[in-house]
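Enquirer: got a sequence here, can you build the structure:
(chains A and B)
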Amino acid sequence: MAILVDETTRVLIQGITGHVGAFQTRAMIAQGTNVVAGVTPGKGGRTVEGVPVYDYVEEAMSHEPNVVLSFVPARFAEDAAIEAVDSRMPLLVVTTAGIPDQSTLRVLHHAQKKGTRILGPDTPGLVSPGKSKVGVHPDQVLAEGHIGVVSRSGALSYEICRHLVANQFGQSTVIGIGGGPLWDVRFVEILKWFEGDPQTDAIVLLGEIGSTMEHEAAAYISTSMSKPVISLIVGRSAPRGAQLGHAGAIIEGDQDTAEKKCEALANAGARVVRSPRAVVESLKELGV
Amino acid sequence: MRLLEFQGKRLLSMNGIVVPASTLRIAPEDLEELQYPVVLKAQVPFGGRGKAGMIRHASSPEQAIAAVSELKGLDIEGYHAFPILVESKVSFTRELYLAALIDKATNLPMVMAGAVGGIDIESISKKEPGTIIRVHVDPCIGLAGYSVRKLARRLSMEERSDEIRNVVERMLELFESCNASLVEINPLAVTDDALVALDAKIVLDDRAANSHPELFNRAEKEQEECGVLPSTGRKKLARQTGLVYVDLGGDIAMISDGAGTGLLTLDLIRDAGGQPACFCELGAKADSQGIQHALDIVLSDPPPRALVISLIGGLTRMDELADGIAASLTSRESSTPIAVRMCGTREEEGRAILRRVGIETHEDLETVVRVAVEGAEGIDGDSRR
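Expert: Below is the predicted model of the structure:
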């Protein structure tokens, strides 16, 4: 089982011939991911790690991809995303950081009309260990198992996964939804999918300052989750109004501080912890 | 980037929205040539200027000269050289509120309007949510004509619906064409013959800087000249090199290759009894050169008491970052104790590179934080002896 990606996933990579794209393609193939085609405008006819490269997404459709992963630089990322959406791909994962919000909202709007779901921008992607990796997660933090991990931050999810693996906990699926501040897939939807996934026994939700998503998650947990949720919210020591790394990580209102989010999640029945080590301790206590 | 009022008004005016006649020249001979009465406004990048005494009125050159010297004498921390915008006073019958922004709940652009202007929008949204009108904008269709007419009616401006439409459309054009995060006109004055923007708050999306080099360069240069943006020092260097840098006032500096782990590292520093000096994140610049820039920034004078480098790479390659750290640290003399946590893609290669230049790395983040906090305290202890 796992969610969103598994053995049946067939990946198309946009920006496959670039420095990052080629390196990460090799890493994904080494993990057993079925990378079926790549696209870089003007580079059609080449191969990268044995994967055929095309000029247009449409030309690669004969390989029947069902997920697109984009490494396209910010300047061209909107166009590449529109192209993937126009080919009716069900899931598009945009790793690119630094895309202006007005570009992102045009892409999200177009995708919503055509039925494409989007993770990112500014996401490490997602991985169901042992099945398929559609992203850039370092392999040493991954092991097949029963913990679902969802995060706004790539690095924070690696940090937690490293502790999980060191303590013999594996993951069902690890998902980065992106650094924000605009998201297509929000925390609640991921929680819903994990709740319905037989492989997932518990969920680790990694949040941060800014946005209202953790509050939405808290409301959902209190009414609709039967599986345990452990939550770490970072940015407890962040000052108001400063943008800290992610475009979405900025305290603007009085509800989007780490304290308020921790409070809401704890009241909803989630186990709220303060460090990666405490995530593992909490899982051990739960005996999952 | 938040524009100053005069910069925002320049953009409004270029896009056909009426603003009051104004000048930034405040020498006595310039003030004598104006039409009175005038309003004098300190150009600083925050709200609440009226309450803070930063907006003055004058009905003669003598009063204006006195107001200028009073404004210049205000002690506003960090903004000593702010310019003063002198505007002709506009007499109006009503004030409205108007803004364009992105609604993060729906991922759509949105126009907000209020029948009362000059108010604090956040407090009125809470107290009387009904008074603020919100209209979403379809990215393909734009704002439909009928919804602007409805908006005018709700503002009790139905008889001047065409003027409202004109201002709203021009505001939206500006919002889109300069990739703004916010265009706010508060208040928009209703006079007998025009709608006039009495204030302007425009926030640009920094990630669009490459698409609008002239706009951003001019705005930055002006803000540096008047001391709103630092023209030297750490923040300037961070801006030039594309890194995220936020001063936090403590003594333990922090560099990370991810936003979430950066925030976590700050929290752990606090939990361990330390005070973070800064948040410095490599973002899209997580390569050998990026981390060299980061080290240049955080180790510049005055140096921190300790430095935590918190790295866990997926997209980022540890061998590339290790090359950068090694090159930077072997070319400088720094007595700041540095604790490095290095994990992730190509970690073995990265650790080997650092070991060759005598830097031991740690695997566990909490250990690294403890080492740094103890290192900072150690310096403290030395200086006391």
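Enquirer: any idea how far residue A:200 is from the closest residue to residue A:281 other than its chain neighbours?
Expert: The shortest distance from residue A:281 to any residue other than its chain neighbours is 7.7 Å, reached at residue A:273 (Cβ to Cβ, 6 or more residues apart in numbering or on different chains). (Glycine included, C-beta is placed from N, CA and C.) Distance, residue A:273 to residue A:200, by Cβ to Cβ, to the nearest Å: 19 Å.
Enquirer: more neighbours, the two?
Expert: Neighbours were tallied for residue A:273 and for residue A:200 using other Cβ atoms under 10 Å in any protein chain shown; the higher tally belongs to residue A:200 (23 against 19).
Enquirer: dihedrals phi and psi, the residue nearest to residue A:281?
Expert: The phi/psi pair for residue A:273 (degrees, to the nearest 10) reads phi -120, psi 170.
Enquirer: over to residue B:125?
Expert: Torsion angles, degrees, to the nearest 10, at residue B:125: phi -60, psi -40.
Enquirer: okay, it: pLDDT?
Expert: Residue B:125 is assigned 73 on the pLDDT scale.
Enquirer: distance of the residue lying closest to it once chain neighbours are set aside from chain A?
Expert: Take residue B:125 and drop its neighbours on the chain: the residue closest to it by Cβ to Cβ, 6+ apart is residue B:132, 5.5 Å away. Noted for residue B:132: a distance of 15 Å to chain A, by Cβ to the nearest Cβ, to the nearest Å.
Enquirer: quick one: contacts for residue B:132?
Expert: Contacts for residue B:132 were tallied using Cβ atoms under 8 Å, 6 or more residues apart in numbering or on different chains; they are B:97, B:112, B:113, B:114, B:121, B:124, B:125.
Enquirer: one more: residue B:66?
Expert: Taking Cβ under 8 Å, 6+ apart as the test, what residue B:66 contacts is residue B:58.
Enquirer: Three-state assignment for it, please.
Expert: Secondary structure, DSSP: H, G, I helix; E, B strand; the rest coil: residue B:66 is helix.
Enquirer: can you pull the phi and psi angles for the residue lying closest to residue A:260 once chain neighbours are set aside?
Expert: The shortest distance from residue A:260 to any non-neighbouring residue, by Cβ to Cβ, 6+ apart, is to residue A:254 (7.2 Å). When read as degrees, to the nearest 10, the backbone of residue A:254 gives phi -100, psi 0.
Enquirer: quick one: residue A:254 and residue A:261 touch, right?
Expert: No: using Cβ atoms under 8 Å, residue A:254 makes no contact with residue A:261, being 11.8 Å away.
Enquirer: which other residues reach the helix or strand bottoming out on mean pLDDT in chain B?
Expert: Least confident helix or strand, chain B: helix B:121-127 with a mean of 74, by mean pLDDT, DSSP states H and E. The contact list for helix B:121-127 (Cβ under 8 Å, 6+ apart) reads A:253, B:97, B:99, B:112, B:114, B:116, B:131, B:132, B:184, B:186.
Enquirer: give the contact list for the fourth one.
Expert: With Cβ under 8 Å, 6+ apart as the criterion, the residues that contact residue B:112 are B:97, B:98, B:99, B:100, B:101, B:121, B:132, B:133, B:134.
Enquirer: next one: the last one
Expert: Contact criterion Cβ under 8 Å, 6+ apart gives B:97, B:98, B:99, B:117, B:118, B:119, B:121, B:199, B:201 as the residues in contact with residue B:186.
Enquirer: mind checking how far the closest residue to it other than its chain neighbours is from residue B:249?
Expert: Nearest residue to residue B:186 in three dimensions, chain neighbours excluded: residue B:97, at 5.1 Å (Cβ to Cβ, 6+ apart). Counting by Cβ to Cβ, the separation of residue B:97 from residue B:249 is 35 Å.
Enquirer: who has more neighbours, those two?
Expert: Neighbour count, other Cβ under 10 Å: between residue B:97 and residue B:249, residue B:97 has more, with 23 against 9.
Enquirer: residue B:116 is in contact with residue B:155, correct?
Expert: No: using Cβ under 8 Å, residue B:155 makes no contact with residue B:116, being 9.7 Å away.
Enquirer: quick one: which of these two has more around it?
Expert: Shown here are residue B:155 and residue B:116; by other Cβ under 10 Å, residue B:155 has more neighbours (22 against 15).
Enquirer: any idea how far that one is from residue B:149?
Expert: From residue B:155 over to residue B:149 (counting by Cβ to Cβ), the distance is 11 Å.
Enquirer: residue B:311 in helix, strand or coil?
Expert: strand.
Enquirer: hang on, it packs against residue B:324?
Expert: No: judged on Cβ under 8 Å, residue B:311 makes no contact with residue B:324 at a distance of 10.8 Å.
Enquirer: is stretch A:124-140 up against chain B anywhere?
Expert: Yes: Stretch A:124-140 lies within reach of chain B by Cβ under 8 Å from any Cβ of the partner chain, at A:124, A:135, A:136, A:137, A:138, A:140.
Enquirer: closest to chain A among the contacts of residue B:132?
Expert: The closest of the contacts of residue B:132 to chain A turns out to be residue B:125 (Cβ to the nearest Cβ; 10.3 Å).
Enquirer: burial of that closest one, as a residue count?
Expert: Neighbours of residue B:125 using other Cβ under 10 Å come to 16.
Enquirer: and the pLDDT at the residue nearest to residue A:260?
Expert: Per the predicted model, pLDDT is 87 at residue A:254.
Enquirer: for the helix or strand hosting residue A:172, name the packing helices and strands.
Expert: Counting by DSSP states H and E, the element that carries residue A:172 is strand A:171-176. If you count contacts as 3 or more Cβ pairs under 8 Å, 6 or more residues apart in numbering or on different chains; DSSP states H and E, strand A:171-176 packs onto strand A:125-128, strand A:144-151, helix A:154-166, helix A:187-195.
Enquirer: which positions in the longest one come out as buried?
Expert: When neighbours are counted by 16 or more other Cβ atoms under 10 Å in any protein chain shown, the buried residues of helix A:154-166 are found to be A:154, A:155, A:156, A:157, A:158, A:159, A:160, A:161, A:162, A:163, A:164, A:165.
Enquirer: can I have that helix written out in PDB, keeping just the CAs?
Expert: Presented in PDB, the C-alpha positions along helix A:154-166 are these (Å, rounded to 0.1, in the frame of the first residue of the first chain):
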ATOM      1  CA  GLY A 154      12.500  18.700   3.200                       C
ATOM      2  CA  ALA A 155      15.500  18.900   5.500                       C
ATOM      3  CA  LEU A 156      13.300  18.500   8.600                       C
ATOM      4  CA  SER A 157      11.700  15.400   7.200                       C
ATOM      5  CA  TYR A 158      15.200  13.900   6.600                       C
ATOM      6  CA  GLU A 159      16.200  14.800  10.100                       C
ATOM      7  CA  ILE A 160      13.200  12.900  11.600                       C
ATOM      8  CA  CYS A 161      13.500  10.000   9.200                       C
ATOM      9  CA  ARG A 162      17.200   9.600  10.200                       C
ATOM     10  CA  HIS A 163      16.100   9.200  13.800                       C
ATOM     11  CA  LEU A 164      13.300   6.800  12.800                       C
ATOM     12  CA  VAL A 165      15.700   4.600  10.900                       C
ATOM     13  CA  ALA A 166      18.300   4.600  13.600                       C
END
